[in-house]
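Q: okay, here's the prediction I keep looking at, along with the sequence it came from:
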Amino acid sequence: MTKPQKVRAAAVDGLFYPDQAEELGALLDELMDGCAGAPGRAAAIIAPHAAYQFSGKLNAAAFRAAAGRKIEEVVLLGPTHREEVGDILLPESELFRTPLGDLTIDTELVEDMVSSSTRIIRNDIPHLEEHCLEVHLPFVQHLFPGARIVPALMGKTTPALIRILAAALKLCLAPRLATTLLVVSANMTSYPWRKEESRTPDFFIQRILQGDWAAIQDGYAAGSISSPAAGCVAALLSLKEFLGDRIELLGQSDSAAARDDHNIIYYAAVALHPR
């Protein structure tokens, strides 16, 4: 008897994006059709993890920047929002489900990453209710049907975990870099963030565009960067010579127009292009 595959069910469908396949597909078509320019060949992208009403256009712009490539694997990096742990967390599940169907986990790449460090482990529990990677999966299915995925969550933003994640990515992706897309799921500020505060996401965005991963690491520790995804962004940018060091800001926005209170979250879409 064939052993049933372990499935991570969708957790925020109907909240962050439509829970019906037809409606979701139509929305993805609309968002992608609204992007300017031809599909690009970005090696990595940074995109928000908000509901599509807040950041769908930026998500589409980010994925459009890589849509001209043949992608077989998508590695998704994001922060845990519920419980900070001192590890990089990969799934035990073999499939991740959305209203558009199932995405297959690249178990070989997962095993390679787990083998590279004792701080990279398999643990489904943090993935089950985490939205930051899930919101990108419909875009992956829409643009790269059949692509396998590796969802990775960073438990804490620490210098040690940043180095471990970066080293594992470089080691494990080198043989397959031509067919892999890296997606970092990152809002530019945490929630809540009041618009009248003097601090803005500008420091974070400028350090991203400069590729200054060390300043991002230090800025998070000092409190000048509030994004929980700062560690994932720093790990990505530390590999810019390996991935692509032409860094492009595709757009930015905030949640002010769609909220009825003063708590504002800032978003941006960024692409890393090979020269």
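A: Received the coordinates, thanks. Residues are numbered from 1 along each chain as shown.
Q: got the contact list for residue 112?
A: 171, 172 (C-beta atoms under 8 Å, 6 or more residues apart in numbering). Backbone N, C-alpha and C define where each C-beta goes, glycine included.
Q: double-check that it belongs to a helix.
A: Yes: under DSSP: H, G, I helix; E, B strand; the rest coil, residue 112 sits within a helix.
Q: quick one: pLDDT of it?
A: At residue 112, the model reports a pLDDT of 97.
Q: please report how far it lies from residue 174.
A: 11 Å (C-beta to C-beta, to the nearest Å).
Q: what's the answer for residue 264, then?
A: For residue 264 relative to residue 174 (C-beta to C-beta), the value is 40 Å.
Q: in stretch 130-148, what's buried?
A: Residues 130-144, 147-148 are the ones in stretch 130-148 that count as buried (16 or more other C-beta atoms under 10 Å).
Q: narrow these to those in strands?
A: Residues of the buried residues of stretch 130-148 located in strands (DSSP state E): residue 148.
Q: in helices, which of the buried residues of stretch 130-148 fall?
A: 137, 138, 139, 140, 141, 142, 143 (DSSP state H).
Q: now render these as TSV, adding pLDDT.
A: Supplementary listing: those in TSV, determined by pLDDT from 0 to 100:
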residue	pLDDT
137	98
138	98
139	98
140	98
141	98
142	98
143	98
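Q: how about those residues in TSV, adding distance to residue 26?
A: What follows is those, written out as TSV (distance: C-beta to C-beta, whole Å):
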residue	distance to residue 26
137	17
138	12
139	14
140	17
141	14
142	11
143	15
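Q: from those, pick the one nearest residue 189.
A: Checking those against residue 189 by C-beta to C-beta gives residue 139 as the nearest, at 22.2 Å.
Q: my guess is the closest one contacts residue 57. True?
A: No: applying C-beta atoms under 8 Å, one finds residue 139 not in contact with residue 57, separated by 12.0 Å.
Q: packing partners for the helix or strand hosting residue 26?
A: Using DSSP states H and E, residue 26 sits within helix 21-33. Counting contacts by 3 or more C-beta pairs under 8 Å, 6 or more residues apart in numbering; DSSP states H and E, helix 21-33 is packed against helix 52-64, helix 137-143.
Q: ok, and for it, which residues are buried?
A: 24, 25, 27, 28, 31, 32.
Q: any chance of the residues you listed in a markdown table, plus distance to residue 226 and pLDDT?
A: Formatted as a markdown table, these follow (distance: C-beta to C-beta, whole Å; pLDDT from 0 to 100):
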| residue | distance to residue 226 | pLDDT |
| --- | --- | --- |
| 24 | 31 | 98 |
| 25 | 34 | 98 |
| 27 | 29 | 98 |
| 28 | 30 | 98 |
| 31 | 27 | 98 |
| 32 | 30 | 98 |
